[in-house]
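K.L.:
need a structure here:
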Amino acid sequence: MAGVPFRLPDMRLSLSTKRNRQDLYVYLSLLALGVLQLALSSWSSEFVSDSYYYELAHSILARAGYGFNFRPEPQIPPGFPALLALLMLVAGHSYALLIRSIPVFTTLGFIASYEVLKAEEGRGFAALTCLLLASSPSWFAFSTRLLFSDMPYFFSSMFLLWALLRLDASINRPRSFVSWWALCGALLLASILVRSTGIALAVAILPWLAVSVFWERHSAKRRLAIYLPLIVIGLAAEGSWILWSERHPVAIWPVHGFQESYIAQLKLKNGNNPESGMATWADVVERPIENEDDMATATVGLLAHKLVAPAWYSPATAIPLALLMVGLAYSFRNTGGGGVIEWYFVSYQFLYLFWPWNFELRFQLPVAPLSALYIWRGGRLLWRWAQPAPRAAGLISLIVAALGALGSVVWGLGNPHPPALASIAVWLLAGSVGAAFLAGGPELMRKLSLFADTAVSVRGVRVSRTKLAVSIAVACLLGVGVGRQTVLGVENVERVPEMDPSIEAAMWIRAHSAPDAVVMARWEPLVYHYSGHRVIWFPASTDPQLLMSGIRKYHIRLIVLAEYEWESYWKPSEGDCFRVLAHAYPGLFQQVHEGPHERVYELRDENDPGE
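P.N.:
Here you go, the predicted model:
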């Protein structure tokens, strides 16, 4: 890598470019999509989704300590609950008002992402990527239904990346430098307090500094003096939170899982199913492979507005992941060892590579724009390589397509998601393109390049066929995305709390039981919020002795069983766990309420022989 220039001079040039009319159009488009989210968020004043963060915010306002449901909260950092508490002071406690804060953070996050991507790859790519992601139905559903910390973190982390670039560009301007440094420090602190994964931002600065010291020794001391305090701020914030968490442990049940620290959770085979046991070395090796294909496929699904199931034999997984790895490697090489954006992306993804829980889309949302950046760079690099060497590219494409089709046959047949036949068809198409390159050689490549670069007139404006095709495709995706967002938005407006089985059961408990009756339920925050009772989490365990021991220890009187349309987040489900418990202790539990999708059981007096 000797002789590779460090990237910062080019970055200063792109950052100094003045905003033009195209930037204004992008801002307005992103704001319009944000307004759509605001208008079509839930109108209910009561919660229709998870109330975890709300309860923490309420505890802050009540000065009752950091926690709820008669216990401290050692898992969720206090940043977002504190922000919600401030919003509640200003706007009130209505769910309809609080949930509308999320689209605001989402929109600001996309504007910050546009600025970062524009500095990295130019206006055109930045605009298309942010508009496609902002019009994603999956992103819309997340931003308009869940009061989670992911979108505030998306905004603060992307804003910080952009501010870090501005900070480095303002080193020689003392007046603006102080302001940018203070802003970076505040954003770094906020990001870490909003989500623990924000530590990836502080960690990313350190290798970036090491690389910059190696390539720009003349400014090494000054850069270390600027950025090392930021790292100290980040590590101190994370360390303080970890120290507080260790002093306030919560272990209600002797069951491994989310009650434990993040480090302890890494020892599990699967966090969603504690009964699967502890991880082996084989599990640890397989885990990053499984998680990485989920991450790459999720980005493609967000851009294409159609989520697909990940599988190594699927071209929707293998091709984007290969392009992402090529693009990321190219970015590290082109920056002489990686800039802060590359190191942040790697640090963030590394946190989830060994994460033992089932993949959730929200894990990938904060870095989806960066994933798109590296996939794009990988594709562009391979295309540039294929132009002077079409036969070599064709041969490699044939080999990859053959391996992909073979993998689809061996592992995909009989697997409905993704369907093997669809994967085989795409691999055959890729193989056909490779065969064409192999047969046509440089002459075919010349004709294709000529055809793609030929300009056509559209309302008096001449554009290349490639740009025209891309514009039409993006316009179609935007139209489909906004249409599906509207449908989801109508569903948001029509949702009421009673549609949730846990809420329905909790409301029945509030009306028909003594205030001091302790409840056991799987969805603890919702049942606590709507019942007003102390709620003990229903553990994912089929050990009847363990369950009965906890019921007696915590004086549990009522048990909630809720049935949802989607697959249970925890395994075994509460229904499976309760069946084992009821079978081991026949006649001890009496059903006192039954709704469309929920049931409530009451514990009989163990000294009462019953009927």
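K.L.:
for residue 601, what are its contacts?
P.N.:
Shown in contact with residue 601 (C-beta atoms under 8 Å, 6 or more residues apart in numbering): 558-559, 561, 578, 589-592. C-betas here are computed from N, CA, C, even on glycine.
K.L.:
State whether it is indeed within a strand.
P.N.:
Yes: according to DSSP: H, G, I helix; E, B strand; the rest coil, residue 601 belongs to a strand.
K.L.:
Look up the residues forming beta bridges with it.
P.N.:
Using DSSP bridges, the bridge partners assigned to residue 601 are residue 559, residue 591.
K.L.:
Renumber starting at 49 from here on
P.N.:
Will do, 49 is the new start, and the previous item becomes residue 649.
K.L.:
can you pull the pLDDT of it?
P.N.:
Per-residue confidence (pLDDT) for residue 649: 97.
K.L.:
give the contact list for residue 84.
P.N.:
The neighbours of residue 84, taking C-beta under 8 Å, 6+ apart as the test, are 188, 530, 533-534, 537.
K.L.:
Residue 99 now?
P.N.:
Residue 99 touches 195, 573-574, 576-577, counting by C-beta under 8 Å, 6+ apart.
K.L.:
Swap in 10 Å and give it another go.
P.N.:
Residue 99 is in contact with 105-106, 116, 143, 195, 551, 571-578, counting by C-beta atoms under 10 Å, 6 or more residues apart in numbering.
K.L.:
In helices, which of the residues you listed appear?
P.N.:
105-106, 143, 551, 572-578 (DSSP state H).
K.L.:
got a markdown table for those residues, with neighbour count and pLDDT too?
P.N.:
As requested, those are exported to a markdown table (neighbours: other C-beta atoms under 10 Å; pLDDT from 0 to 100):
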| residue | neighbour count | pLDDT |
| --- | --- | --- |
| 105 | 26 | 96 |
| 106 | 18 | 94 |
| 143 | 20 | 92 |
| 551 | 25 | 94 |
| 572 | 23 | 93 |
| 573 | 22 | 93 |
| 574 | 27 | 94 |
| 575 | 30 | 96 |
| 576 | 22 | 96 |
| 577 | 24 | 95 |
| 578 | 22 | 95 |
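K.L.:
Pick the one among those closest to residue 506.
P.N.:
For those, the residue nearest residue 506 by C-beta to C-beta is residue 143; the value is 46.4 Å.
K.L.:
The residue lying closest to the closest one once chain neighbours are set aside: neighbour count?
P.N.:
Excluding the flanking residues, the one nearest residue 143 by C-beta to C-beta, 6 or more residues apart in numbering is residue 95, at 4.9 Å. Neighbourhood size, residue 95 [other C-beta atoms under 10 Å]: 22.
K.L.:
Quick check, residue 95 in contact with residue 551.
P.N.:
Yes: in this structure, residue 95 is within contact of residue 551 by C-beta atoms under 10 Å, at 7.5 Å.
K.L.:
per-residue confidence at the spatially closest residue to residue 310 that is not a sequence neighbour?
P.N.:
Counting by C-beta to C-beta, 6+ apart, residue 310 lies nearest to residue 244, which is 7.1 Å off, once chain neighbours are set aside. Residue 244 is assigned a predicted lDDT (pLDDT) of 91.
K.L.:
related to what we said a few turns ago, and for residue 95 and residue 551, which residues touch both?
P.N.:
Counting by C-beta under 10 Å, 6+ apart, the shared contacts of residue 95 and residue 551 are 545, 574, 577-578.
K.L.:
before we move on, the earlier item: same list (the contacts of residue 99) but as a markdown table, adding distance to residue 264.
P.N.:
Below are these laid out as a markdown table (distance: C-beta to C-beta, whole Å):
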| residue | distance to residue 264 |
| --- | --- |
| 105 | 45 |
| 106 | 50 |
| 116 | 50 |
| 143 | 51 |
| 195 | 44 |
| 551 | 58 |
| 571 | 53 |
| 572 | 52 |
| 573 | 50 |
| 574 | 53 |
| 575 | 57 |
| 576 | 55 |
| 577 | 54 |
| 578 | 58 |
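K.L.:
Between the residues you listed, which sits nearest residue 68?
P.N.:
residue 195 (36.9 Å).
K.L.:
burial of the closest one, as a residue count?
P.N.:
Number of residues near residue 195 (other C-beta under 10 Å) recorded here: 21.
K.L.:
Residue 132 is in contact with that one, correct?
P.N.:
Yes: assessed by C-beta under 10 Å, residue 195 is found in contact with residue 132 at 7.5 Å.
K.L.:
Overlap in contacts, those two.
P.N.:
Here residue 195 and residue 132 share the contacting residues 101-102, 105, 146, 149, scored by C-beta under 10 Å, 6+ apart.
K.L.:
Give me the PyMOL select line for the residues you listed, limited to the buried ones.
P.N.:
Only the buried members of these enter the following PyMOL selection, criterion being 16 or more other C-beta atoms under 10 Å:
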select buried, resi 101+102+105+146+149
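K.L.:
Looking at the shared contacts of residue 195 and residue 132, which one is closest to residue 70?
P.N.:
residue 149 (29.0 Å).
K.L.:
what would the contacts of residue 649 look like in TSV with distance to residue 179 and neighbour count?
P.N.:
Shown next, in TSV, are the contacts of residue 649 (distance: C-beta to C-beta, whole Å; neighbours: other C-beta atoms under 10 Å):
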residue	distance to residue 179	neighbour count
606	49	26
607	48	27
609	44	24
626	47	22
637	54	17
638	56	12
639	52	11
640	52	15
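K.L.:
how many neighbours does residue 431 have?
P.N.:
Residue 431 has 10 nearby residues by other C-beta under 10 Å.
K.L.:
Packing partners of the one helix or strand it maps to?
P.N.:
Assigned by DSSP states H and E, residue 431 belongs to helix 416-434. Using 3 or more C-beta pairs under 10 Å, 6 or more residues apart in numbering; DSSP states H and E, the elements in contact with helix 416-434 are helix 149-169, helix 171-182, helix 198-217, helix 329-352, helix 363-382, helix 388-401, helix 438-455, helix 468-501.
K.L.:
is it true that residue 466 touches residue 366?
P.N.:
No: at 11.4 Å, residue 466 does not count as touching residue 366 under the criterion of C-beta under 10 Å.
K.L.:
what residues do these two have in common as contacts?
P.N.:
With C-beta under 10 Å, 6+ apart as the test, residue 466 and residue 366 both reach 345, 358-359.
K.L.:
Which residues are in contact with residue 389?
P.N.:
Counted by C-beta under 10 Å, 6+ apart, residue 389 has contacts 55, 59, 164-165, 167-168, 209-210, 212-213, 252, 256, 379, 383, 415, 418, 421-422.
K.L.:
ok, now with 8 Å
P.N.:
Under the criterion of C-beta under 8 Å, 6+ apart, the neighbours of residue 389 are 164, 168, 209, 418.
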